[in-house]
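Colleague: Quick one: sequence plus predicted model below, questions after.
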Amino acid sequence: MTESRVGMGIDFHRFAAGRALVIGGVIIPHTRGLLGHSDADVLTHAICDALLGAAGLGDIGTHFPDTDERYRGISSLTLLEEVLSLLERDGWIPVNIDATLIAQEPKLTPHFSAMKESLGKTLHLLPESIGLKATTSEGMGAIGRAEGISAFCVALINRGVQ
Ligand code: MG
């Protein structure tokens, strides 16, 4: 028999000058990047929280506190690898993830295939098991003023039970 669970994750990061814009493990050419203790990969953080939530393992801030110097500037794909290890310890494997990015700028859709490749490699998932969508907020609110980017993600995980 198989046990399945779903989880959700949400993240926000504000833009800052002089930083690389990293989303889904891909460096995206832009005038600004996102601010954060790690590489501030907003999509990967939402994925981490969705997976941790599905497994009942808390959140990214608990496992990788931004007060910990070990995580300064770290690639969020490394954090995602660690999340995967935590899940595997409890017998869980990801089945699929589905995420939406909300950003007024830049255009993210052209980078989706590269993101699916890097995330798929880390999560051991095929590109078709990774849903990526992007929308603007129609100019409304902080995201609409291009102050930052947010990401929402759901994840399904499975484990075999005797
Ligand atoms: Mg974050």
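Modeller: Arrived safely, thanks for sending.
Colleague: contacts and neighbour counts: CA atoms only from here.
Modeller: OK.
Colleague: Let me see the ranges of the strands in the chain.
Modeller: All strands of the chain, identified by DSSP state E, fall at 2-16, 21-23, 26-28, 33-34, 93-102, 130-135, 148-160.
Colleague: give the contact list for the residue lying closest to Ala54 once chain neighbours are set aside.
Modeller: Setting aside the residues directly before and after it, Ala54 is nearest to Gly7 in space (Cα to Cα, 6 or more residues apart in numbering), at 3.8 Å. For Gly7, the contacting residues are Asp49, Ala50, Leu51, Leu52, Gly53, Ala54, Ala55, Val154, Ala155, Leu156, by Cα atoms under 8 Å, 6 or more residues apart in numbering.
Colleague: just the buried members of these?
Modeller: Applying a neighbour-count criterion of 16 or more other Cα atoms under 10 Å, the buried members of those are Asp49, Ala50, Leu51, Leu52, Gly53, Ala54, Ala55, Val154, Ala155, Leu156.
Colleague: Between those, which sits nearest Lys133?
Modeller: If you rank those by distance to Lys133 using Cα to Cα, Val154 comes first, at 12.3 Å.
Colleague: Kindly provide the distance from the nearest residue to Asp98 once chain neighbours are set aside to Ser85.
Modeller: Among residues not flanking Asp98 along the chain, Gly131 sits closest, at 4.2 Å (Cα to Cα, 6+ apart). Distance from Gly131 to Ser85, counting by Cα to Cα, to the nearest Å: 22 Å.
Colleague: same check, this time on Leu132
Modeller: Relative to Ser85, and taking Cα to Cα, Leu132 is found at 23 Å.
Colleague: One more: Asp66?
Modeller: Applying Cα to Cα, the value for Asp66 to Ser85 is 20 Å.
Colleague: what do you get for Ala54?
Modeller: Ala54 sits 14 Å away from Ser85, taking Cα to Cα as the criterion.
Colleague: Least confident secondary structure element in the protein?
Modeller: Per-element confidence for the chain was summarised using mean pLDDT, DSSP states H and E. The lowest value among helices and strands belongs to helix 60-63, with a mean of 94.
Colleague: Enumerate every residue touching the most centrally placed residue in the chain.
Modeller: The central residue of the chain, meaning the one whose C-alpha is nearest the mean C-alpha position (Cα atoms, centre = their mean), is Thr44 at 1.9 Å. The neighbourhood of Thr44, defined by Cα under 8 Å, 6+ apart, consists of Ile23, Gly24, Gly25, Ser76, Leu77, Leu80.
Colleague: just those residues now: which is nearest Met140?
Modeller: Nearest to Met140, judged by Cα to Cα, of the contacts of Thr44 is Ile23 at 21.9 Å.
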